[in-house]
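Peer 1: here are the coordinates; sequence isn't available:
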Ligand code: PEP
Ligand code: MG
C-alpha cells in the first residue's frame, strides 16, 4: 500500500496527468506545478461537470425531495421506523379518490399520494378536466414490501369500492362486454422519478371487451390496437415477458403484410398480432392472459409496488441521493385516448422553456398517438405551437389551463395532456425540471411577475445547478472549421466530447476504465440511467425535447442532443453512419447541447458569459447571507477568476504548487538534497525571490481581501523523482551523483507518507524552510503596501496536532516577520495573523489549547476526514464504491462532510477554540467548502467562512443565503 501511495504522489513528469486527476478528484495538492495548476483549473471545471452529473440531479430530484420532505413532514419523519408510521397512519384511508363526484386528496399530500397522485387531486379540486381515478397510498406500498410482497389485507376491497365509484362517474363498467371501463395504472412516488417505474395502459380490456367495444364503436381496429398494447405492457411490465418477444411477433405480421408502420396494420393484422401476443404471453407466463379485469388490476398494482425496488429505481434513487421515502403510490385512472383518430392526440409541455427559462409555452404533441409514444421518444413529435392549426379550440383551452396552473402553483409546470375526439384532458402536472440557466431566469422573472418574492426565488434555485452556467462551452469561434455531421434538438445545454458507447453497460465500463464516452442510442430508456450518468454526454437519433433522454439529462444538467435523425446507429457493430460516413466507438465526437449540433472530433471549450439574471440572483444572495465565501487559489489567475465569481478572499493558497515550475524545482531539489543547514539555506535563498513574486501576484489579485497562505505541507520526497533516469538528470542539474540522489530518496521514503514527515513537522525539523516562506510573504506584503496595494496575508501552519508545535512555529513566524520589518525599515503595521489548519483529530480535541496561540483555525476537512475515518485519501476508491452500493455509508465522506463523526470534530474544535480565544476566526478549506450540504452544516456550527474552488464560489454564496432562509 505504501508503495502504491508513494508512486501516486510522485511529481515526476510521467505521473503529472495522473497527479492532476487525483488532485482534481480529491482536491489534494500534491505533485502539481504551475502548469499542472492550470490543468487543475481546467480539470476543476471538468470535475465540477462530473460533480454536476453526480450530485446534481441532486438537481431537481433532490430539490424536490428536500422540498417534499420540508413541505409535509420532515425527511426524518419519513425515515422513521415503519411501526411508528403505521400507527400514525392506521386511520388513514388506503385509497384516495379524485374526480368530479369527489376528491379526497390535495396537492400537499405528496408523501402519501406521491407527486402524481397529489397533483391529480389538486387539479381535480381546481376544476381542471382530469379523467377520474384513485390513488393507492405510498403507505400501502410500504406495507406490501414489509409484508414480503403480499397485498395488504383489505386493499382490494377498497379498490373495488373505488372502481365502483369510477363506474358511476363514467357510466362504464369494469370488465363489461359492451361498454368496458378501461384504466391506466401508474406509479408515482413523492419525488419525481421520470420513467423510473412502470405503467400499464388499457387495463380492464378482455377478449369479450374487445368484441363489445368494436361493436359499440363500429371500429374493430382501435379495440384490437388497445388490446395488443395491454397484453404487451402487462406481459412486459407485470409478468416480466421480454418486450422483444412481442416486438418480434409484431414485426413478423408487418413483414407479412408488407407494411412498416404500426398504424398501417389493418384490423385483421392486429387480430393476428393479438393472437400471437396471447401465445407469447402463455408461453412465458405459463397461463393465459387474464380475462378477469380485477385479476389484471391486482397484478398491475403489485407490479407497481414491486417496481419501487426494481434495480433501475434503486439506481435512480442512489444516483440522485433520494432517501427517506416509504414507497410509491399507485394511480388508477380512467383511460382517455389520444389514438382514436386524427381528431385525437397527446402531448407533453412545459409552461416555460426548460432549457433557457424563457416565458414561452414549450411543448410537443403527436396526433393519433397514446401518451407513452411521446415520452418514450419513439416518434418525433410536433411543437405545441402547431397545435393551433390542428385544433384551435383544444389549443386555446390548453393555454388557459397552462396559465391557470402557473398561477395556482406559482411554479413552472411540466404537464401531460390528451385530446380525445377534440376534448382536452389533463393527465399530469408537476414541477418542471429545468437547467441551471432556466432555474435562474425563471426565478428572476417570477419575482418580476410578482408570482413569488426574492426569498422564495433564492430558495428555489438548486445551488448545485449553477455550475451549468459557469462551465465552459463551445463557442462559434471554437467550432469554426469543425465539421458538423448532424443536428438534433438541443435537449440539455453544455458541451461534451467523447468516444461513442452504444450501450449503457459499455458506457459504464469504459468510463470506469478512464475513458470519456458519449452514450449514443436511438432512444434511451430507464434501464439506461447508469450509462447515461457515467457518459459525458448523451446523443440520440430519435425523440423530442421531452423524451426520456432529454428529461433525465436536463434534470442532471448533462449535455444532451436528441432526435439527430441523420444518425443511423448500429449498436451491435458499435458504429453509426451519417450518409456514407461511418463513425465507430474509436472516433472522437463532440455534441453541443445548446445548439443540437453533432461535430466530428474535439472542440475547444471556452468560459461562458454570465447573464444579468445570474448577477441579480447573486446580489440577492449576498444581501441575505452571513457566511463569508472565500476561494482556494494558488495563482493570480485563479484568484482573479474567483474574485469575479464573488470570492471574498482566499481561504487556502497551497504553496507547494509554486515549487514545481522548471525554474524553481532545481533549487527546491538542491534544498532537499542539501546535507547541511548552510547548503539548505543557500538553496532556499534561490527560491526566495520566486516565492516573493508569487505572493506579490496573489496578494495584488486579491487586494483588499484576506489571503491565507499555507506553509509547505507535502512530504519532501514528492519533489524528487523516483525513476533512475530522472534521478540522473537531477544529479546532473544539481552537481551531485545519481547515487546521492537515490540514497536521499531512499532516506525520505515513508511507509505512510500522509502520516509522515509533512505539514508543520517539516518546519520543526527544517525551520529555515518556514523562515524563507514567511520572509517571502512579509517582503511581498511590504512591497505591495509601499505601492499602496492593500495586501492582507494570513499565514497558516498545516497539520498541527499539539499546542507546542503551534507555539514554536508561531513564535518563529512572528520573529521572522519582525526581522523583515526591521530590515526593510517598514514603518507601517505588519500585523499578519498566524493561524493553523485543524486537520488532525487530536488538534480538534485540544483546540482550546491551540487557540491560545492561533489567530484563526481553518478546517482541513480532507485530512480530517481521512484521519477520522482512517481511510486513505489516495486509496479510498478501492472500497468506497462497495460501501456506497451496500449503503455502509450514505455518501462519500470526502465529498460531503460526515456530520455525525468528522463533523463532531469540527464542532468540538470550534467550541473549544472560541472558549479560550473569543476572537478566533473560523473557516474551512477542505473540498467540503463547496458542497451544499456541508456548507449548511458549517453555517450551523458557526464558522465565519467557507473556502472552495473558484467555480464553486457562486454555489457557496447561494447556499449560504439559503441557510438564512430556513
Ligand atoms: C485538507 O486537508 O482539507 C486541506 C485543505 O489540505 P490538503 O488537501 O492540501 O491536504
Ligand atoms: Mg490537509
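Peer 2: Nice, I can see it. The structure displayed is predicted, hence computed values, not measured ones. Numbering: from 1, shown residues only. Ligands and ions are numbered 1, 2, ... in the order given.
Peer 1: count of neighbours near the residue lying closest to residue 103 once chain neighbours are set aside?
Peer 2: Excluding the flanking residues, the one nearest residue 103 by C-beta to C-beta, 6 or more residues apart in numbering is residue 124, at 4.4 Å. No exception for glycine: its C-beta is placed from N, CA and C like everyone else's. For residue 124, the count of nearby residues is 25 (other C-beta atoms under 10 Å).
Peer 1: likewise for the one 10 residues further on?
Peer 2: Applying other C-beta under 10 Å, we find 30 other residues in the vicinity of residue 134.
Peer 1: go on, residue 528?
Peer 2: Residue 528 has 24 neighbouring residues, counting by other C-beta under 10 Å.
Peer 1: surely it is in a helix?
Peer 2: Yes - under DSSP: H, G, I helix; E, B strand; the rest coil, residue 528 sits within a helix.
Peer 1: list the contacts of the closest residue in space to it that isn't next to it in sequence.
Peer 2: In space, and not counting its chain neighbours, residue 528 is closest to residue 504: 4.1 Å by C-beta to C-beta, 6+ apart. Each residue near residue 504 by C-beta atoms under 8 Å, 6 or more residues apart in numbering is listed here: 519, 527, 528, 529, 530, 531, 532.
Peer 1: the residue nearest to residue 103 against residue 101, yeah?
Peer 2: No - between residue 124 and residue 101 there is no contact under C-beta atoms under 8 Å: 10.0 Å.
Peer 1: mutual contacts of these two, please.
Peer 2: Contact with both residue 124 and residue 101 is made by residues residue 132, according to C-beta under 8 Å, 6+ apart.
Peer 1: beyond the helix or strand encompassing residue 812, next helix or strand please.
Peer 2: Using DSSP states H and E, the element containing residue 812 is helix 803-824. Going down the chain from helix 803-824, the next helix or strand is strand 834-838, by DSSP H and E.
Peer 1: is ligand 1 within reach of that following strand?
Peer 2: No - using C-beta under 6 Å from any ligand atom, strand 834-838 never reaches ligand 1; the gap is at least 6.6 Å.
Peer 1: what about stretch 185-192, start to end distance?
Peer 2: This stretch, stretch 185-192, spans 16 Å end to end (C-alpha to C-alpha, to the nearest Å).
Peer 1: how about the lengthiest helix in the chain: buried residues?
Peer 2: Secondary structure of the chain per DSSP state H: the longest helix is helix 677-701. Within helix 677-701, the residues scored as buried using 16 or more other C-beta atoms under 10 Å are 680-681, 683-684, 686-688, 690-692, 694-701.
Peer 1: just the helices in the stretch 151-300 of the chain please.
Peer 2: Assigned by DSSP state H, counting those that start in this stretch, the helices in the stretch 151-300 of the chain fall at 155-170, 207-217, 221-233, 243-257, 267-285, 293-307.
Peer 1: identify the residues contacting the residue nearest to residue 103.
Peer 2: 98, 99, 100, 103, 130, 132 are the contacts of residue 124 under C-beta under 8 Å, 6+ apart.
Peer 1: distance of the closest residue to ligand 1 within the stretch 301-450 of the chain relative to ligand 2?
Peer 2: Residue of the stretch 301-450 of the chain nearest ligand 1, by C-beta to the nearest ligand atom: residue 321 (22.5 Å). Residue 321 sits 26 Å away from ligand 2, going by C-beta to the ion, to the nearest Å.
Peer 1: residue 116 too?
Peer 2: Taken as C-beta to the ion, the span from residue 116 to ligand 2 is 47 Å.
Peer 1: neighbours around the residue nearest to residue 240 when sequence neighbours are not counted, how many?
Peer 2: What sits nearest to residue 240 in space, not counting adjacent residues and going by C-beta to C-beta, 6+ apart, is residue 284, at 7.7 Å. By other C-beta under 10 Å, 15 other residues sit near residue 284.
Peer 1: I'd guessed residue 284 sits against residue 241; true?
Peer 2: Yes - between residue 284 and residue 241 there is a contact under C-beta under 8 Å: 4.2 Å.
Peer 1: quickly list what's touching both of these two.
Peer 2: With C-beta under 8 Å, 6+ apart, residue 284 and residue 241 have common neighbours residue 235.
Peer 1: look at residue 380 and report its pLDDT.
Peer 2: Looking at residue 380, its pLDDT is 73.
Peer 1: swap that for residue 749, please
Peer 2: 90.
Peer 1: I figured it hits residue 716, correct?
Peer 2: No - in this structure, residue 749 is not within contact of residue 716 by C-beta under 8 Å, at 10.8 Å.
Peer 1: report the separation between the two terminal residues of stretch 474-494.
Peer 2: 8 Å.
Peer 1: now stretch 862-877: mean pLDDT?
Peer 2: Mean pLDDT, stretch 862-877: 90.
Peer 1: thinking again about what came up before, can I get the contacts of residue 124 in a markdown table with secondary structure and distance to residue 159?
Peer 2: Shown next, in a markdown table, are those (DSSP: H, G, I helix; E, B strand; the rest coil; distance: C-beta to C-beta, whole Å):
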| residue | secondary structure | distance to residue 159 |
| --- | --- | --- |
| 98 | strand | 15 |
| 99 | coil | 15 |
| 100 | coil | 20 |
| 103 | coil | 17 |
| 130 | coil | 19 |
| 132 | coil | 14 |
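Peer 1: hmm, which of those residues are the buried ones?
Peer 2: 98, 99, 103, 130, 132.
Peer 1: which among the residues you listed gets closest to residue 875?
Peer 2: Ranked by distance to residue 875 (C-beta to C-beta), the buried ones among the contacts of residue 124 are led by residue 98 at 54.1 Å.
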